[in-house]
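Q: build me a model from this:
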Amino acid sequence: MKKIIIIYLILLVQLIAQEEQSNTKQNPLLSLQTITVTIGGDFILTGSFTAYKSQRLDHFITTIYTQAQQRALQSLNTIETISQVKKNLERYPLRNITLKHSDGSVQKIDLLKFRLLGDFIHNPYLQNDDVIIFPINDDERNFVEVLGAVNKPLKFQFVDGDKLSDAILFAGGLNKAYDNIEKAEISRLDKSGEKENKIIVNIKDDFELQRGDRIRILSDESHKLSFKVLVIGEVKFPGYVYVKRSGSTLKEIIESVGGVKENADLSRAEVIRDFNSVEMLRKLNLEEMYINKDQNVSQEYKIKMEQLKESLKLARMNNLLEEDTLFFNIDNQLRVLKAESLVDFSKINDPDSEAGNFLVKDGDLILIPDKFDYVYVFGQVSKAGYVKYSQGKDYKYYIDKAGGKGEVARDDEEIVIVKGKEMKWITKEKDKIEIEPGDYIYVPKEIPRSFWYHFSKVTAVISVVGSVATLVLLLKQFTK
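A: Numbers count the residues shown, from 1 in each chain. Predicted coordinates:
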């Protein structure tokens, strides 16, 4: 008879609970009934707070956290400080949370599992006088780390009883892009941190973990990656082009973008690769400018600093004489700033040429500028600047277009033609040199000399001659 009464009471309690839940759904006013919940332990804010009878633990915690975070951040001014404070506040533990009810019963809550699996056993409704206690979050010692063939490598809070399947769950599951994912390597350090024990386990065995385990999910390496190059400039379809892991030929790349336009200047086209840190910054800057066309992106300061660093590294232990240093610095600066592949784009359609078979690899950037039909005239001319190129005209034509020579310009024999492609300086037989787009014409200045300048030079010569004469007389005296 007593057993029947006990069973009846259990059924009655269940019916009352079901009825209460049903009434809550049918009558929204019941869901607005307030209760008191206390938060303790390692959380952003502790104490007793008002909650609703229909509120689940995760929603309640998130609400309290958001309100406390807003109050903590509202008095901060700098982005760096706000970012650092937010990072510190977000470190509250999501696992091994203790939920104590007023009737003495206790639940262990794992909000991380709830957020990943949606299992409401880890996110119950709150009751009046509930106490939520957060454990200390020691992510330097109480952790498990997982990487390798998973979707989201991470370090997470360890809880007694964790298994390999939990680590894989928290890391977003196995990454299907990898092949033959069957084993995991568990790396365990002893208390001194000096001895390592590596354990190879089968993933299906669901190995039990320990605090501080470092897990690497093993697999065959996958090369199905997004290998691509960026082509910008005077081509029909600029943008990214996918390539093989080993790269694709320059000819194939240009064909993929529909070929070059009529106004493309292949003589100044280049392949930009990460030859050094400066070239890497230059490539990133060009790529960012292409992607964010409406933004003013500049890496000038970083490029200058990297350029200086590259130069100092190479110059630190050199054995050059002082008079050689200037020319070395010039050549080295050009090396740093212009470390491009020597590719002649005009020959890319020749199947037997090096240019056509040049391999363009993942991350490279191809820059094809438009034709530059100007010649730059500078130095002692009336109006230095760019002059429109005119085929067949000599250097004198461009000087006249720039307003002619100035009063202190040197004679024509001293005028320099600088070829734009090779940067070769030409002073002799200039009448035979064909001026091309991109060339430079420099008219040097005849520096005015005062009487005292010439007097000092003559004085110096006389002094040297006098010294030599004195030396000759002395030698004659000693040889008598």
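Q: identify the residues contacting the residue lying closest to Arg268 once chain neighbours are set aside.
A: In space, and not counting its chain neighbours, Arg268 is closest to Pro369: 5.2 Å by CB to CB, 6 or more residues apart in numbering. No exception for glycine: its C-beta is placed from N, CA and C like everyone else's. Going by CB atoms under 8 Å, 6 or more residues apart in numbering, Pro369 touches 233-234, 264-265, 268-269.
Q: for Gly379, same thing?
A: Counting by CB under 8 Å, 6+ apart, Gly379 touches 409, 442-445.
Q: which parts of the stretch 201-350 of the chain are strands?
A: For the stretch 201-350 of the chain, strands defined by DSSP state E, counting those that start in this stretch occupy the ranges 214-217, 228-233, 239-242, 248-249, 270-272.
Q: now the stretch 351-480 of the chain
A: Assigned by DSSP E, counting those that start in this stretch, the stretch 351-480 of the chain shows strands spanning 359-360, 365-368, 374-379, 385-388, 416-418, 425-426, 440-443.
Q: weakest of these by average pLDDT?
A: Comparing mean pLDDT across those, the weakest is strand 425-426, with a mean of 83.
Q: other residues contacting that strand?
A: For strand 425-426, the external contacting residues (CB under 8 Å, 6+ apart) are 416-419, 433.
Q: partner strands of that strand, parallel or antiparallel?
A: Next to strand 425-426 in the sheet, as set by DSSP bridges, lie strand 416-418 (antiparallel).
Q: buried ones in the strand it pairs with, by neighbour count?
A: Neighbour counts over strand 416-418 (16 or more other CB atoms under 10 Å) mark 416-418 as buried.
Q: any chance of those in JSON lines, with distance to Lys228 too?
A: Output for the buried residues of strand 416-418, formatted as JSON lines (distance: CB to CB, whole Å):
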{"residue": "Val416", "distance to Lys228": "44"}
{"residue": "Ile417", "distance to Lys228": "42"}
{"residue": "Val418", "distance to Lys228": "38"}
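Q: of the strands of the stretch 201-350 of the chain, which is nearest Leu32?
A: With CB to CB, the closest approach to Leu32 among those belongs to strand 214-217: 46.3 Å.
Q: the closest one packs against which elements?
A: Packing partners of strand 214-217 (3 or more CB pairs under 8 Å, 6 or more residues apart in numbering; DSSP states H and E): strand 143-148, helix 164-170, strand 183-189.
Q: what about the stretch 351-480 of the chain, any weak spots by pLDDT?
A: Scanning the stretch 351-480 of the chain for pLDDT under 70 picks out 421-422, 447-455, 457, 479-480.
Q: which parts of it are helices?
A: For the stretch 351-480 of the chain, the helices defined by DSSP state H, counting those that start in this stretch occupy 395-401, 451-479.
Q: measure Arg346 to Glu80 for me?
A: Just to correct that, residue 346 is Ser rather than Arg. Ser346 sits at a distance of 50 Å from Glu80 (criterion: CB to CB, to the nearest Å).
Q: one more: Gln67?
A: Separation of Gln67 from Glu80 (CB to CB) stands at 24 Å.
Q: rewinding a little: any chance of the helices and strands packed on strand 214-217 in JSON lines, plus mean pLDDT?
A: Shown next, in JSON lines, are those (pLDDT from 0 to 100):
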{"stretch": "strand 143-148", "mean pLDDT": "95"}
{"stretch": "helix 164-170", "mean pLDDT": "96"}
{"stretch": "strand 183-189", "mean pLDDT": "95"}
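Q: let me know which of the ones you listed is the nearest to Lys100.
A: Of all the helices and strands packed on strand 214-217, helix 164-170 sits nearest to Lys100, with 24.4 Å by CB to CB.
Q: in that closest one, what's buried?
A: For helix 164-170, a neighbour-count test (16+ other CB under 10 Å) marks 164, 166-170 as buried.
Q: same question for stretch 172-179.
A: 174-175, 178.
Q: residues in contact with it?
A: Contacts of stretch 172-179 (CB under 8 Å, 6+ apart): 149-152, 168, 181, 203, 217, 219-222, 224.
Q: mind splitting this protein into its structural domains?
A: Using automatic domain parsing, the domains assigned to the chain come out as 32-134, 143-217, 228-368, 374-443.
Q: sorry, back to before: what's the closest of the buried residues of strand 416-418 to Thr63?
A: Val418 (71.1 Å).
Q: which non-adjacent residue is nearest the closest one?
A: Per CB to CB, 6+ apart, closest to Val418 is Tyr440, 3.9 Å.
Q: any idea what that neighbour is bridged to?
A: Beta-bridge partners of Tyr440, counted by DSSP bridges, are Tyr376, Val418.
Q: show me what contacts it?
A: Tyr440 makes contact with 375-378, 417-418, 420 under the criterion CB under 8 Å, 6+ apart.
Q: which of Gln67 and Glu80 has more residues huddled nearby?
A: The residue with more neighbours, out of Gln67 and Glu80, is Gln67; 13 against 9, by other CB atoms under 10 Å.
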